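Asker: here is my input, please return the structure:
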Amino acid sequence: MQLNAKRLLVLFCLLPGACGRPTPAPKPRASAPSPPPEPEPAAPAATKPAPAPEPTVVGMEDPFARMKQATANKLNDGYRALRKKKYSEARDAFHAVVAAQPDHMGARFEELKAAALEGDFAAVPPLWKELLQRDFVGYAERLERPKDLAPLRASPEWSKVQAIKAELKTAYAAGLDKGFLFVARLRPHGVPTFADYSDAAALELEQEVYQFDPTSKRIRRLTDTGGQVVAIHRDGGKVMVLTAKTLKKVEGGTSFSKPEATLLTLATLEKTGPIAIDGDARSVDLCFSDKGEPVWTVNGAVETKALTLDATGSALVALDEGCDAKLATTTAQPTGIEHHRPAPEGVALSEDGLQMSGVDADKPVRASQAVRPGSLSWSPGKKRFAYTGSIDRCAKPADKKPAPNAVFVWDATQKKATRVSADPASYETQWLDDDHLAYESRTGSQGKLVLHDLGTGTALTLKTPAGAGLYGLPTVPCQSPSLAFLP
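Answerer: Numbering: from 1, shown residues only. This next block holds a predicted model:
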C-alpha cells in the first residue's frame, strides 16, 4: 500500500504544474497619476481687424511712349528669335523691352507667348496678370484660339489663367464712371491716299478709345478695333463708338464709306456691334434719345436717316427722329469732330455770341470773342461755368497758322471769369467735378488733353504725342488739295 501510494504521488507530480511552487498573486498595477487640472482659458486678446486688401491697380502709365532705338533693336531681336523657335532668347529680348518700356503691351504678350512655347507654363500666370492689369480689353482673348498655344490650354496652369482673367475683368471695369474718356492715336497718322482714278482710300487711323483715371493717373484702353475709331459719344455708363475703314471722295470733299456703329457698356466691358451702316456719310451725328436709345443720324449726299439698335442688338433700324439741338450730340466729319450740348436750363446766349444771361443772377456775363453755343456747361455743383470761343477749323487753308481760341471758366463765388488756356484748338471740354475740368489743347496730330485743377491752379497734360481728343480726331486736313473731287 505504501509503495502504491508513493507511485501515485510520483505520477501526480509529473502532471504539468502539479507539484510546482504556488504562483504568486499579481502585484496590483500602479494607477496612472491624474492629469493636472486644465488652466482656465485666458480672455482672448483684443485683435485688430484685418486690413482691407489693396485694390488692384489697373491701366497704363504711359501707353503712348515713343520707343528708343536700342529698345526697338531688342524688340526685333525677340521677333527673330521667336521665328527661329529660340524661345529662351526670345524671352530674354522681350523682357528687356518690358524693362525699358513697361507699358509696351506687345512685348509683354510676346514674352508670355515665348514662355508658353518653351513649355514653361508655370511662368505664364504671373505674366498674364501683369498684362491684363494694364490692357484687359486688348489681350483678354489672345490665348483662346492660337493652335501653337494648345499645350498651354491643356496644362494645369490654364485654370489659373482663366481665374485671373475673371478677376481682372471686374477690376478693370471698376471706376470707369470716374475720370474722362478720350480718343487717341497710337502713332502718327498719315493722310489717306487715293490711287489714280479711284474714289476710295483705306483708313489707317491708329485710334482707340481710352479712359483716364485722375486718382491713379493711369490710362485704360476700352476698344480693340484695329485702330478704326473715328468718334465717341457718352451718356453715363453707355458709350457710342463710330468706326470707319474706308474714306470716299465725293463732290465737295470726302465721306465715310459704310461706317460702323458700336455700343459699349462700361460696367461690364460688353459691346454691341460693330454693325455696318449702309451707304456713305458726309457726317454722322451721335446722340442718345430722350428715351435713352443710342441714335446714329447719317447725313448722306442725298438723304439723312436716323438709326438705332433693334431689340436683339444685332441690327440697325430706322427712327422717325434723329439728333437735334435739344440733345447732346457729337458730330463726326472727316475734317473734324464737334460736340454740342444744349444750353443749361435758364442760360441763354445772345445772337452775336458775346454775352450770356442766366449765369450771373445780377448781370450778363460778357465775352471779348464770340462764344460757341454748344460749349456752355455748369460744373456738377454749379460752382463754376465753362464756355469756349468759336472758331472755324477750316476757315483758312491748312498751310496757314490756325486761329487762336480760348476756354473760359466763370466762378460763381467770385463772380469773375478766367481764361485758363489760349491755343489754336476747338476746345471741347468736360467737367469731372466742381474743381476739375478736362479740355482739348491744339488740334489734330498736335492735339493734347489737359486736366485743369481750378482749386490749385495746376494743370496736367496727358502724354499723347500722336494726338488725342475728347470726342475724336480729324481724319483728313481741311481743304487738302489731294482730296479734291475727281469727276
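Asker: burial count for the residue lying closest to D278 once chain neighbours are set aside?
Answerer: In space, and not counting its chain neighbours, D278 is closest to K258: 6.6 Å by Cβ to Cβ, 6 or more residues apart in numbering. From N, CA and C alone the C-beta is placed, and that goes for glycine too. For K258, the neighbour count with other Cβ atoms under 10 Å is 14.
Asker: quick one: pLDDT of D423?
Answerer: Per-residue pLDDT puts D423 at 74.
Asker: quick check, it in a strand?
Answerer: No - per DSSP: H, G, I helix; E, B strand; the rest coil, D423 lies outside any strand segment and is coil.
Asker: which residues touch the one helix or strand N76 maps to?
Answerer: Per DSSP states H and E, N76 falls inside helix 69-83. Outside helix 69-83, the residues that touch it by Cβ atoms under 8 Å, 6 or more residues apart in numbering are 67, 87, 89-90, 93-94, 96-97, 100-101, 104, 106-107, 110-111, 113-114, 117.
Asker: filter the residues you listed down to the buried ones.
Answerer: If you count burial by 16 or more other Cβ atoms under 10 Å, the buried members of the contacts of helix 69-83 come out as 87, 89-90, 93-94, 96-97, 100-101, 104, 106-107, 110-111, 113-114, 117.
Asker: among those residues, which ones are in helices?
Answerer: Using DSSP state H, the members of those that fall in helices are 87, 89-90, 93-94, 96-97, 100, 106-107, 110-111, 113-114, 117.
Asker: pull the most distant pair out of these.
Answerer: Based on Cβ to Cβ, the longest span within these runs between A100 and L117 and measures 22.8 Å.
Asker: identify the residues contacting A306.
Answerer: Taking Cβ under 8 Å, 6+ apart, one finds 295-298, 318-323 in contact with A306.
Asker: and which of those residues is nearest G252?
Answerer: V298 (17.1 Å).
Asker: count of neighbours near that closest one?
Answerer: Residues lying near V298 (other Cβ under 10 Å) number 24.
Asker: for it, give me its contacts.
Answerer: Each residue near V298 by Cβ under 8 Å, 6+ apart is listed here: 259, 277, 279, 281, 284, 304-307.
Asker: and it, what are its phi and psi?
Answerer: V298 adopts backbone torsions of phi -100, psi 120, taken as degrees, to the nearest 10.
Asker: and it, how far from T308?
Answerer: 12 Å (Cβ to Cβ, to the nearest Å).
Asker: G292 now?
Answerer: 10 Å.
Asker: more neighbours: which of the two?
Answerer: Neighbours per residue, other Cβ under 10 Å: of G292 and T308, the larger number sits with T308, 18 against 9.
Asker: can you confirm that one is in a strand?
Answerer: Yes - the assignment for T308 is a strand, going by three-state DSSP.
Asker: and the pLDDT for it?
Answerer: The model reports T308 with a pLDDT of 97.
Asker: ok, it - contacts?
Answerer: Contact partners of T308, counting by Cβ under 8 Å, 6+ apart, are 289, 293-296, 316-317, 319.
Asker: any idea how far the residue nearest to it when sequence neighbours are not counted lies from L181?
Answerer: Leaving out its chain neighbours, the residue that sits closest to T308 by Cβ to Cβ, 6+ apart is E293, at 4.8 Å. E293 is 20 Å from L181, where distance means Cβ to Cβ.
Asker: okay, those two: which has more neighbours?
Answerer: Comparing E293 with L181 by other Cβ under 10 Å, the one with more neighbours is L181, at 21 against 13.
Asker: okay but the more buried one is in contact with E208, surely?
Answerer: No - L181 is beyond contact range of E208, at 11.0 Å (criterion: Cβ atoms under 8 Å).
Asker: if we can go back for a sec, quick one: the helix holding N76 to helix 87-100, angle?
Answerer: With axes from the mean of the first three to the mean of the last three Cα atoms, to 10 degrees defining the directions, helix 69-83 sits at 150 degrees from helix 87-100.
Asker: report the angle between helix 69-83 and helix 105-118.
Answerer: Going by the same axes, to 10 degrees, helix 69-83 makes 30 degrees with helix 105-118.
Asker: mind checking how far stretch 465-481 is from the chain centre?
Answerer: Centre-to-centre, stretch 465-481 and its host chain are 21 Å apart (Cα atoms, centre = their mean, to the nearest Å).
Asker: ok so, going back, which neighbours do L181 and E208 share?
Answerer: With Cβ under 8 Å, 6+ apart as the test, L181 and E208 both reach L222.
Asker: can you give me the helices in this protein?
Answerer: In the chain, helices defined by DSSP H lie at 2-14, 69-83, 87-100, 105-118, 124-134, 136-139, 150-154, 157-173, listed in chain order.
Asker: worst mean pLDDT among those helices?
Answerer: helix 2-14 has the lowest average pLDDT among the helices of the chain, namely a mean of 42.
Asker: got a winner among the contacts of A306 for most neighbours?
Answerer: Neighbour max across the contacts of A306 (other Cβ under 10 Å) = W296, 28 neighbours.
Asker: in this structure that one contacts I277, no?
Answerer: Yes - counting by Cβ under 8 Å, W296 does reach I277; the two are 6.5 Å apart.
Asker: what about L132, neighbour count?
Answerer: Look at L132: counted by other Cβ under 10 Å, it has 25 neighbours.
Asker: distance check, it against Y139.
Answerer: Distance from L132 to Y139, by Cβ to Cβ: 6 Å.
Asker: one more: F64?
Answerer: Relative to Y139, and taking Cβ to Cβ, F64 is found at 17 Å.
Asker: isn't S289 right up against T297?
Answerer: No - counting by Cβ under 8 Å, S289 stays clear of T297, with 10.7 Å between them.
Asker: what about the strands in the stretch 151-300 of the chain?
Answerer: For the stretch 151-300 of the chain, the strands defined by DSSP state E, counting those that start in this stretch cover 180-185, 200-202, 207-213, 218-221, 229-235, 238-243, 246-250, 253-257, 260-265, 270-276, 280-281, 283-288, 294-299.
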